[in-house]
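*Asks:* Need a 3D model of the following:
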Amino acid sequence: MAPSESPATVPQQTKLPLIKAEIIVLQAHLKDWRSVKGKQQHLILKATYKEWLYNQYSHKAPKPLIKYGKKWTAHHVLIEQNKAWIREETGEMPGSEAMIAKWPEAMKTVLASLSAEEKEKANVLADKWK
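*Replies:* Residues are numbered from 1 along each chain as shown. The predicted structure follows:
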């Protein structure tokens with residue numbers, strides 16, 4: 001069997017109907033297209049579709065690369081307000097490994113000793129800081 005007689009099927013291109021916007025753009029350039037012959041017609045058609053595609057592109061506002069600010073919760077507010085007290089509880093030099101190791105435990109004891117009223121104020125303040 002010759003290669004040209006191959007039983008493999010060739011996918012056929014299906015023509016989709018033009019939408020209204022495409023028809024309007026093509027009609028706007030039809031006079032120019034009819035006034036020229038040959039390769040010039042191809043160039044006008046190509047320019048027409050480029051223009052249409054450019055007009056259909058929706059420009060989105062770019063997202064910021066950096067998220068500025070911080071998500072404030074009542075827990076974060078309480079830590080920020082009582083940072084000095086928490087440092088005192090650790091009893092270590094700020095920035096030392098021992099202080100970093102003791103920080104979570106000291107933070108828990110300080111936050112547990114706060115009253116419900118102070119925690120409620122921190123909740124309100126967190127809503128303000130958001």
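
*Asks:* Tell me how far the spatially most central residue of the chain lies from Lys130.
*Replies:* What sits nearest the mean C-alpha location of the chain, by C-alpha atoms, centre = their mean, is Lys63, with 5.6 Å. When C-beta to C-beta, to the nearest Å is the yardstick, Lys63 and Lys130 sit 20 Å from each other. Where you see a C-beta, it was placed from the backbone N, CA and C, and this is true even at glycine.

*Asks:* And Thr14, by the same measure?
*Replies:* According to C-beta to C-beta, Thr14 stands 53 Å off from Lys130.

*Asks:* Between the two, which is the more surrounded one?
*Replies:* More neighbours sit around Lys130 than around the other of Thr14 and Lys130, counting by other C-beta atoms under 10 Å; the figures are 10 against 5.

*Asks:* residues touching that one, list them.
*Replies:* Applying C-beta atoms under 8 Å, 6 or more residues apart in numbering, one finds that Lys130 lies in contact with Lys71, Trp72.

*Asks:* which helices and strands does the top helix by length along the chain pack with?
*Replies:* Across the chain, the helix with the greatest residue count (assigned by DSSP state H) is helix 39-56. Packing partners of helix 39-56 (3 or more C-beta pairs under 8 Å, 6 or more residues apart in numbering; DSSP states H and E): helix 20-28, helix 30-35.
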